[in-house]
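Asks: pasting the sequence and the predicted model now:
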Amino acid sequence: MIADDDTSVGAALVELIHTQPGLAFAGFAFDTSSAIELAEREQPDVAIVDVHMPGGGGVTATIGIKRSSPKTRVIAFSAENDDIIKAAMVAAGASDYLIKGTAIDMILETLRNAAHGAHDKQ
Amino acid sequence: MAERDRIRDQAASDRDDTAKDRDRAAELRDRGAEDRDSHAADDRHDAADDRLGAAHDREDAAHDRAEALQNRVDSAEAERRALETLEAMSDAFFTLDEEWRFTYLNPQTEAILQRSRADLIGKNMWEEFPEGVGTRPDDEYRRALREQMPVRFEEHYEPLGRTLEIRVHPIPNGLAVYFSDVTTVRRQEERLRESQRLEAIGRVTAQVAHDFNNLLAAVRGFAELGRAAAIDEKTTHFFNEINNAGTRAAELTSQLMAFARKQELSPASIDLNGVINSIYSVLRQLLPPRIALQLSLSPSPVPVFADGSQLERVIINLLVNSRDAIDDTGTITLSTMAESPLGVMHAIEPSAGWFQITDTGSGIPADALPHIFEPFFSTKPPEQGTGLGLATIYGIVSQSGGDIFVDSTPGLGTTMTIALPATASLHQAG
């Protein structure tokens, strides 16, 4: 699943996922509460979560996603390389932190690793 | 015959004369009587006049006594009213004699000096407050007494941490002193100057950040093109590094834009208590075990109209700042309230939600306090931060229509107080 209020970023990620065999798109959420609901409903392997989600923020969204779908691996996605926010997202349960603008192959590698990690947990 | 006629005539004449004499005597008697009556009347008149005069005098005296009595009553009434006024004044007022002894203090003086009038009346002011000897107030009081001219000045009274405006007036045999606490007014003036200064910095910052962002977009775009066209790993690596550096630069400009209040916010009505409760586990994890985290939340919801994501960021950043200020063990307390915890009114009251973060850290030096919200200002070593954290927070809070207050004592700790509008308003900057 993808949780991001920026539709252009979300659309680009969806397109990227569709190009990769072994990855399936589980859904899109625009704010914190809908992201938590989506995670509870879909129980996705991976959730890409924007750090600055409206309606509460990425930290609150990550806490809620992990509570409603413990197996989901959360990848924090941010335009900023802020050490404090990075630490907060990790403390909330994120397993990875990606900067927007990171090379595509690095994004894909992170996605696959997270998905495998989620499968390993099951 | 003639003789008898003569005698008869003489007798008649005598009888006539006698009659005339009698008439005349009678007349004289009458006149005398009249005179006596007149004198008596005059005397009586004079006596009456005297009595009347005396009565007038008594009346005048009575009037004078009444007037004097009335004057005493009026004076007493005026004195009573004057005393009531002095007792009820919000200004402190006291009087000194020429030997600097207190002759009167009103209740506000007792409150500000934290001494009772019973304790101070008759005592020498400089002996009771020796810390004032040799200071500017000492000079000004003596000048007022010496030159018999009123003086006016401001002084920071350190024992109470208050700024006082003092007016000294010469009076017969001493001085009358008025002083009022202008701490709040001066603080508000200082805050206005500070916010205007930061706003000016923000305008410059926004323009620089905007121009820099445009340049960064070109650098990153061409780095991406170069990476796509690279024919070996080494070249690809070089372009990746260019792109990564561009990403970090973009982060800086993003924070600068936040300070300059040029971020995009998505405000909504949220409960401060809810936000803090929802991220409490994360806040706790961000702190080492040696630092205690306490919550003192309002028993009722504290609604604010703000961007939840940015609010999360503000709380987390403030917590980390507090954490970094505590070298050993310590406590960080998060509090929420629906009313101002400060002794000052704020422009966004009464419709505001408040929260405070208090730490028992090292505090902020007084000379650094005016600068802590400036971009790139930091009291930490360069490797511990860019100096944009508080600038970013200031920008977010300001853009949300709120305000931030700092109270810090080196060696004791710091309290950051943030006010946010409780409802959407025209004051929120966009």
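Replies: Looks like it arrived, so ask away. Every value quoted in this text rests on a predicted model; they were computed, and no experiment measured them.

Asks: which parts of chain A are helices?
Replies: Counting by DSSP state H, residue ranges of the helices within chain A are A:7-18, A:32-42, A:58-68, A:83-92, A:104-121.

Asks: same check, this time on chain B
Replies: Listed in chain order, the helices of chain B (DSSP H) span residues B:2-88, B:107-113, B:117-120, B:125-128, B:136-147, B:183-229, B:233-259, B:272-285, B:308-325, B:389-399.

Asks: now render the ones you listed as a markdown table, adding mean pLDDT.
Replies: A markdown table is the format used below for the helices of chain B (pLDDT from 0 to 100):
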| stretch | mean pLDDT |
| --- | --- |
| helix B:2-88 | 71 |
| helix B:107-113 | 88 |
| helix B:117-120 | 93 |
| helix B:125-128 | 92 |
| helix B:136-147 | 90 |
| helix B:183-229 | 73 |
| helix B:233-259 | 76 |
| helix B:272-285 | 93 |
| helix B:308-325 | 91 |
| helix B:389-399 | 83 |
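
Asks: and the stretch 101-250 of chain B, which residues reach chain A?
Replies: Taking Cβ under 8 Å from any Cβ of the partner chain as the measure of proximity, the stretch 101-250 of chain B contacts chain A at B:R220, B:R227, B:N240, B:N243, B:N244, B:G246, B:T247, B:R248, B:A250. Just so you know, the C-beta spots here come from the backbone N, C-alpha and C atoms, and that holds for glycine as well.

Asks: where are the low-confidence patches of chain A?
Replies: Judged against pLDDT under 70, the low-scoring parts of chain A cover residues A:101-103, A:118-122.

Asks: for it, which residues are neighbours of chain B?
Replies: A:5, A:32, A:51-60, A:63-64, A:79-82, A:84-85, A:87-88, A:91-92, A:99-103.

Asks: show the buried residues in those.
Replies: Burial by neighbour count, judged by 16 or more other Cβ atoms under 10 Å in any protein chain shown, picks out A:5, A:32, A:51-60, A:63-64, A:79-82, A:84-85, A:87-88, A:91-92, A:99-102 from these.

Asks: is stretch B:295-310 in proximity to chain A?
Replies: Yes: applying Cβ under 8 Å from any Cβ, one finds that stretch B:295-310 is in contact with chain A at B:D307, B:G308, B:S309, B:Q310.

Asks: buried residues in that stretch?
Replies: Buried-residue list, stretch B:295-310, by 16+ other Cβ under 10 Å: B:L297, B:S298, B:V302, B:P303, B:V304, B:F305, B:A306, B:D307, B:G308, B:S309, B:Q310.

Asks: and those residues, which is closest to B:A424?
Replies: B:F305 (4.9 Å; Cβ to Cβ).

Asks: pull the contacting residues for that closest one.
Replies: With contact set as Cβ atoms under 8 Å, 6 or more residues apart in numbering or on different chains, B:F305 has these partners: B:267-270, B:400-401, B:420-425, B:428.

Asks: tell me the confidence at B:T358?
Replies: Among the per-residue scores, B:T358 shows a pLDDT of 96.

Asks: surely it touches B:G413?
Replies: Yes: B:T358 is in contact with B:G413 according to Cβ atoms under 8 Å; the separation is 6.5 Å.

Asks: residue contacts, the closest residue to A:G64 other than its chain neighbours?
Replies: If you skip the residues right next to it in sequence, A:G64 has A:I36 as its closest partner in space, 3.6 Å away by Cβ to Cβ, 6 or more residues apart in numbering or on different chains. Counting by Cβ under 8 Å, 6+ apart, A:I36 makes contact with A:A61, A:G64, A:I65, A:R67, A:S68.

Asks: cool, and A:S69?
Replies: Under the criterion of Cβ under 8 Å, 6+ apart, the neighbours of A:S69 are A:A39, A:E40, A:E42, A:Q43, A:P44, A:A47.

Asks: which residue is nearest the middle of chain A?
Replies: Taking Cα atoms, centre = their mean as the criterion, A:I48 is the residue nearest the geometric centre of chain A, at 1.4 Å.

Asks: my guess is it contacts A:M1. True?
Replies: Yes: with contact taken as Cβ under 8 Å, A:I48 and A:M1 are classed as touching, separated by 7.3 Å.

Asks: and for these two, which residues touch both?
Replies: Among the neighbours of A:I48, none is also in contact with A:M1 (Cβ under 8 Å, 6+ apart).

Asks: B:G221 and chain A, how far apart?
Replies: Here the distance between B:G221 and chain A works out to 10 Å (Cβ to the nearest Cβ, to the nearest Å).

Asks: again, but for B:G389
Replies: Taking Cβ to the nearest Cβ as the measure, B:G389 and chain A are separated by 7 Å.

Asks: ok, that residue - contacts?
Replies: Residues counted as contacts of B:G389 (Cβ under 8 Å, 6+ apart) are A:I84, B:N317, B:V320, B:N321.

Asks: that older thread, out of the contacts of A:I36, which are buried?
Replies: In these, burial by neighbour count holds for A:A61, A:G64, A:I65, A:S68, counting by 16+ other Cβ under 10 Å.

Asks: got JSON lines for those residues, with distance to B:A144 too?
Replies: Shown next, in JSON lines, are the buried ones among the contacts of A:I36 (distance: Cβ to Cβ, whole Å):
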{"residue": "A:A61", "distance to B:A144": "67"}
{"residue": "A:G64", "distance to B:A144": "68"}
{"residue": "A:I65", "distance to B:A144": "72"}
{"residue": "A:S68", "distance to B:A144": "74"}
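
Asks: report the two of the buried residues of stretch B:295-310 separated the most.
Replies: Within the buried residues of stretch B:295-310, two members stand farthest from each other by Cβ to Cβ: B:S298 and B:S309, at 22.2 Å.

Asks: touching stretch A:84-93 from outside, list them.
Replies: In contact with stretch A:84-93 (Cβ under 8 Å, 6+ apart) are residues A:49, A:51, A:58-60, A:62-63, A:65-66, A:74, A:76, A:78, A:97, B:279, B:281-282, B:285-286, B:313, B:316-317, B:320, B:389.

Asks: pull the CA atoms of it into CSV?
Replies: Presented in CSV, the C-alpha positions along stretch A:84-93 are these (Å, rounded to 0.1, in the frame of the first residue of the first chain):
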residue,chain,number,x,y,z
ILE,A,84,15.1,13.5,14.1
ILE,A,85,12.1,12.5,12.0
LYS,A,86,14.0,9.4,10.8
ALA,A,87,14.6,8.3,14.4
ALA,A,88,11.0,9.0,15.2
MET,A,89,9.7,6.9,12.2
VAL,A,90,12.0,4.1,13.2
ALA,A,91,10.8,4.3,16.8
ALA,A,92,7.2,4.2,15.5
GLY,A,93,8.0,0.9,13.7
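
Asks: about what we covered before: and the contacts of A:S69, which two are furthest apart?
Replies: Of all pairs drawn from these, the one with the largest separation by Cβ to Cβ is A:E40 and A:A47; the distance is 11.3 Å.

Asks: those two: who's more crowded?
Replies: Set A:E40 next to A:A47 and count neighbours by other Cβ atoms under 10 Å in any protein chain shown: A:A47 wins out with 30 against 14.

Asks: tell me which residues touch the more buried one, please.
Replies: By Cβ under 8 Å, 6+ apart, the residues touching A:A47 are A:M1, A:I2, A:A3, A:A35, A:A39, A:I65, A:S69, A:T72, A:R73, A:V74, A:I75.

Asks: how close does the fifth one sit to B:G122?
Replies: When Cβ to Cβ, to the nearest Å is applied, the distance between A:A39 and B:G122 equals 78 Å.

Asks: again, but for the second one
Replies: Separation of A:I2 from B:G122 (Cβ to Cβ) stands at 81 Å.

Asks: neighbour count for these two, which is higher?
Replies: Of the pair A:I2 and B:G122, A:I2 is the one with more neighbours under other Cβ under 10 Å, namely 26 against 10.
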